[in-house]
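**Student:** Provide a 3D model corresponding to the input given below.
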Amino acid sequence: MKTGIFLSYRGLGANLLHLAYCHQIAKKFGPVSLITLCPNLDKALKDDPAFSEIIYLDKFHKKFFDLFKMSNFLKKFDFENIFIFYPSLRHYLSSKLAGIKNIYHYPLFKKKNLHLVKAAKKFTEISLDIENCPTETKFVINDLKAKQFKKSGLKKIILGISSSGPTTKWGYHNYLSLIKKLNDLGEFYFYLLCGPDDQNEANQIIDQINKKNCESLASKDIAEIIYYIHSSDIFIGNDSFGHHVSSQMNKPSFIILLDSPKAYSDYSINQKRIIPPNIKIGNISHGSNLDPNSITVEMVLDKIKKFI
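**Tutor:** Predicted coordinates for the structure are as follows:
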């Protein structure tokens with residue numbers, strides 16, 4: 001009996017937000033096939049035995065009449081069960097045409113105001129007939145490989161300076177100031193979590209620090225970055241995939257929220273939000289365009305001080 005899960009999200013973070021629910025499904029049905037629109041999810045979850053395969057889908061999901069091509073695509077996997085984490089009529093009909101016996105899906109035509117965590121939790125509880133489905137889980141890694149990334153001595157801090165877009169960034173000058181102030185307080189080692197597009201900002205930070213205790217991860221593969229996060233003690237940064245990993249590794253994860261809905265940081269006891277003063281968390285969403293400098297370095301230091 002083969003079981004599939006469809007996650008209709010491109011962002012790595014949005015996919016990892018659903019990890020707990022995937023684990024619950026795998027707990028009942030055994031290792032599952034995970035279909036995703038995210039091109040690097042397979043690298044992040046390569047050591048997780050809950051997944052028999054992770055399939056990147058880069059077509060058949062944009063136009064309604066692609067459902068026929070999608071159904072032929074699904075037929076190849078011979079699924080008996082499929083869980084669709086999205087209210088998509090197209091994905092439902094594709095699964096039906098593919099002859100999948102048991103199709104579990106979000107209520108159709110209810111995309112408006114969809115809370116990612118609440119919707120996924122309720123869907124999993126109803127589909128599996130369970131109560132109190134956890135919203136977070138343990139991020140699985142290879143223990144032997146993890147030992148290779150352990151650096152003795154200094155407390156290690158992941159700084160998530162990248163994000164999915166410019167409106168969610170706190171700004172490299174703020175991270176530079178934060179590092180300088182932390183260096184005045186103690187001995188730390190900093191990993192700058194960023195992609196190739198932010199390498200210049202990472203270089204500017206490194207060049208302006210007098211101590212050689214800062215390293216860019218811009219050239220690292222996602223599969224490697226997972227282990228750098230695991231070897232660190234705390235995450236501080238923009239809303240990016242890093243805090244979804246660190247929080248589910250049971251590490252304090254401070255998320256600077258400027259342009260992301262509450263749901264993205266609303267499911268783990270390890271997630272700790274930092275938001276601009278006089279702003280209600282419920283009023284922050286895509287398109288908020290809040291001033292990054294409204295969150296001062298002193299505010300961030302005050303939030304993290306008891307964890308460092």
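
**Student:** Find the residue ranges of the stretch 151-300 of the chain scoring beneath the pLDDT cut-off.
**Tutor:** 151-152 (pLDDT under 70).

**Student:** Tell me where it has strands.
**Tutor:** 155-160, 188-193, 214-216, 234-238, 253-256, 271-274 (DSSP state E, counting those that start in this stretch).

**Student:** Among those, which comes closest to Pro87?
**Tutor:** Closest approach to Pro87 among the strands of the stretch 151-300 of the chain (C-beta to C-beta): strand 271-274, 25.5 Å. (Glycine included, C-beta is placed from N, CA and C.)

**Student:** rewinding a little: quick one: closest of the strands of the stretch 151-300 of the chain to Tyr106.
**Tutor:** Of the strands of the stretch 151-300 of the chain, nearest to Tyr106 by C-beta to C-beta is strand 271-274, at 23.7 Å.

**Student:** strand partners of the closest one, parallel vs antiparallel please.
**Tutor:** strand 253-256 (parallel) (DSSP bridges).

**Student:** At which residues are the helices of the stretch 201-308 of the chain located?
**Tutor:** For the stretch 201-308 of the chain, applying DSSP state H, counting those that start in this stretch gives helices covering 222-231, 241-247, 297-304.

**Student:** hang on, the earlier thing: looking at the strands of the stretch 151-300 of the chain, which is closest to Lys181?
**Tutor:** So among those, strand 188-193 is nearest, using C-beta to C-beta, at 10.7 Å.

**Student:** The closest one versus strand 155-160: what angle between them?
**Tutor:** 20 degrees (axes from the mean of the first three to the mean of the last three C-alpha atoms, to 10 degrees).

**Student:** What is strand 188-193 packed up against?
**Tutor:** Helices and strands touching strand 188-193, by 3 or more C-beta pairs under 8 Å, 6 or more residues apart in numbering; DSSP states H and E, are strand 155-160, helix 172-185, helix 199-207, strand 214-216, helix 222-231.

**Student:** The same query, at a cut-off of 7 Å, please.
**Tutor:** Applying 3 or more C-beta pairs under 7 Å, 6 or more residues apart in numbering; DSSP states H and E, one finds that strand 188-193 contacts strand 155-160, strand 214-216.

**Student:** Quick one: the helices of the stretch 201-308 of the chain as TSV, columns for mean neighbour count and distance to Val140 too.
**Tutor:** Listed next are these as TSV, based on neighbours: other C-beta atoms under 10 Å; distance: least, C-beta to C-beta, whole Å:
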stretch	mean neighbour count	distance to Val140
helix 222-231	20	10
helix 241-247	29	11
helix 297-304	16	27
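
**Student:** Fine, thanks again, bye for now.
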